[in-house]
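Participant: Need a 3D model of the sequence below.
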Amino acid sequence: MKQNGEKVLADFYAEWCGPCKMLLPKLDLLQHDYPDVKFVKVNVDSEMTGSQQYGVRSVPTVMIFNGNDEVSRTSGVRPDSFYKEILNSL
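Facilitator: Here you go, the predicted structure:
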């Protein structure tokens, strides 16, 4: 995943994952509030190499980057305020 100095939120998910399905609408709403952040969805089943490259071991995993710097990595579903706090700090 090439950031080119961009702010990126990457959602590593699987179609069969219940918590991933719960997280999807949360991230869709956040995407509208943060137009300067690029939101990327990565299907771990079809993108195994990329998922392994980033050390993703469970889904959902949300990674937030400020340029090439990883500023956050979480597994599972968190409250909207958790993601907003990190995105606001970028």
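Participant: Okay, and S72 sits in which element?
Facilitator: S72 is located in strand 69-75, with elements delineated by DSSP states H and E.
Participant: moving C-terminal of the lowest-mean-pLDDT helix or strand in the chain, what's the next helix or strand?
Facilitator: The least trusted helix or strand in the chain, going by mean pLDDT, DSSP states H and E, turns out to be helix 48-53, with a mean of 89. Moving toward the C-terminus from helix 48-53, the next helix or strand (DSSP H and E) is strand 61-66.
Participant: circling back to that earlier point, could you list every helix and strand in contact with the least confident helix or strand of the chain?
Facilitator: Under the contact criterion of 3 or more CB pairs under 8 Å, 6 or more residues apart in numbering; DSSP states H and E, helix 48-53 touches no helix or strand at all. (Each C-beta comes from the backbone N, C-alpha and C, glycine too.)
Participant: try 10 Å
Facilitator: Here helix 48-53 touches strand 7-13, strand 37-43, going by 3 or more CB pairs under 10 Å, 6 or more residues apart in numbering; DSSP states H and E.
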